[in-house]
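S.K.: Just need the structure, nothing else, for what follows:
(chains A and B)
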Amino acid sequence: MVDTITLEVARYRPEREAEPNFQRFDVPFRKDWVVLDALNYIKDKLDTSLSYRWSCRMGVCGSCGMMVNDEPKLTCATFLSDYLPGPVRVEPLRNFPVVRDLVIAMNDFMAKLQQVKPWLVREEEKPLSEGEYLQTPRQLDDYKQFSMCINCLICYAACPVYGLDPHFLGPAAIALAQRYNLDSRDQGAKERLDILSQHDGIWGCTFVGECTKVCPKHVDPAGAIQQYKLEATKEWFKSFLLPWSAK
Amino acid sequence: MNQTPAYTTHHPRWYRTRVSTYWWSRKWAYFRFIVRELTSIAVAYVVVLTLVQIQALRQGADEYAEFQELLRKPLLLSLNMIALFFVLYHAITWFNLAPKAVVAHFRGKRISDTLIKASNYVVWLAISGGVIWLLSGG
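M.R.: A predicted model of the protein is given here:
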């Protein structure tokens, strides 16, 4: 039985280093430990200066996404036992600027997310006295899969299009736009169409499909994008053939 | 979107990695994707070849016989075999991706991915059968 496992952790301390390098840490191996447990061990016992993001430790908050042996993963759901005998290489999520060690800057994503209006848009709110907006299970099924997104950005790290062109709106933002477009209570699809149907929106996607494969919540952003491409094409034909019906 | 991404103008100390020109060689899935993209060249080649064939047909029996003779040359024959392989790869991967884009319901239930794929193959085989029937003299 293995007692320890080696982690090669990317370190980038901008006040000291011009570029990231790797630091090796030997941590105790326990069958029930995930990569995040090993990072917490390093932080607590070996090097308190290590910086990384985490919060819930149960695959809900989406803050502990990192590259583990070159694959984007939620480190709270990635067991050390899958990487025996090691070493395990931990790096910040690819395709994002690195702020420090394993911490990436996510400002770009936050700005894009806001652009797609990921909330229920109503032309007119009905008064409270009329009660809630009811929905059938079938209507819920239409968008439920896309509502599972936790904004962990793992899909962006797997997307070569976003890596090559950071202007691309990206998988999660489009999947979340589609989550609201497909919601029977939402009336904002036309507003989102202007953002999503731009060149840097859905049409930037070349359907590599890796976003879907790596998603820890099985959201299928690639599916959302291709479905929306069909939708946008239909809208374009409609506005071309029936210009008087547009908007 | 069209404006500069929020992070690029600030924070000169943030570390940015350039994506390598050979990013597609890093992972098998990326490599398969690039191969699929490149198969479009074979598709374009077959389209051009078909147009040239139609043109030869329009010019008369002698010209068409000459064109057919050209197609039998080993170099063109092997080129067309390679093109056929890539066109088939393109078509099959296209059909396999189709269920991602199509969300269809029947009697309140979503039609399964397998059925969407299968219907694409059935239509493909039917059209191919029709073309073969037409070419073999009806």
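S.K.: Could you list the low-pLDDT ranges of the chain?
M.R.: Defaulting to chain A. Chain A contains residues with pLDDT under 70 at A:1, A:245-247.
S.K.: I was after chain B.
M.R.: For chain B (pLDDT under 70), the answer is B:1-12, B:138.
S.K.: And for residue A:126, the neighbour number?
M.R.: Counted with other Cβ atoms under 10 Å in any protein chain shown, the neighbours of residue A:126 add up to 10. Glycine gets a C-beta too; all of them are placed from N, C-alpha and C.
S.K.: From residue A:183, how far out is the closest residue to it other than its chain neighbours?
M.R.: Counting by Cβ to Cβ, 6 or more residues apart in numbering or on different chains, the nearest residue to residue A:126 once its immediate chain neighbours are dropped is residue A:133, at 7.7 Å. Residue A:133 sits 9 Å away from residue A:183, going by Cβ to Cβ, to the nearest Å.
S.K.: The longest helix anywhere in chain B: how far from the chain's middle?
M.R.: Scanning chain B for the helix with the most residues, using DSSP state H, yields helix B:28-59. Its chain's C-alpha centre and that of helix B:28-59 lie 7 Å apart, by Cα atoms, centre = their mean, to the nearest Å.
S.K.: The helix or strand just after it relative to helix B:28-59, how many degrees between them?
M.R.: Later in the chain than helix B:28-59, the nearest helix or strand by DSSP states H and E is helix B:61-71. Relative orientation of helix B:61-71 versus helix B:28-59 (axes from the mean of the first three to the mean of the last three Cα atoms, to 10 degrees): 150 degrees.
S.K.: Against which helices or strands is the host helix or strand of residue A:211 packed?
M.R.: Using DSSP H and E, the element containing residue A:211 is helix A:210-214. If you count contacts as 3 or more Cβ pairs under 8 Å, 6 or more residues apart in numbering or on different chains; DSSP states H and E, helix A:210-214 packs onto strand A:71-74, helix A:154-158, helix A:221-241, helix B:28-59.
S.K.: rerun that using 6 Å as the cut-off
M.R.: helix A:154-158, helix A:221-241 (3 or more Cβ pairs under 6 Å, 6 or more residues apart in numbering or on different chains; DSSP states H and E).
S.K.: Next up, phi/psi of the residue nearest in space to the middle of chain A, please.
M.R.: Nearest to the geometric centre of chain A sits residue A:153, at 2.7 Å (Cα atoms, centre = their mean). Main-chain torsions, residue A:153, degrees, to the nearest 10: phi 70, psi 10.
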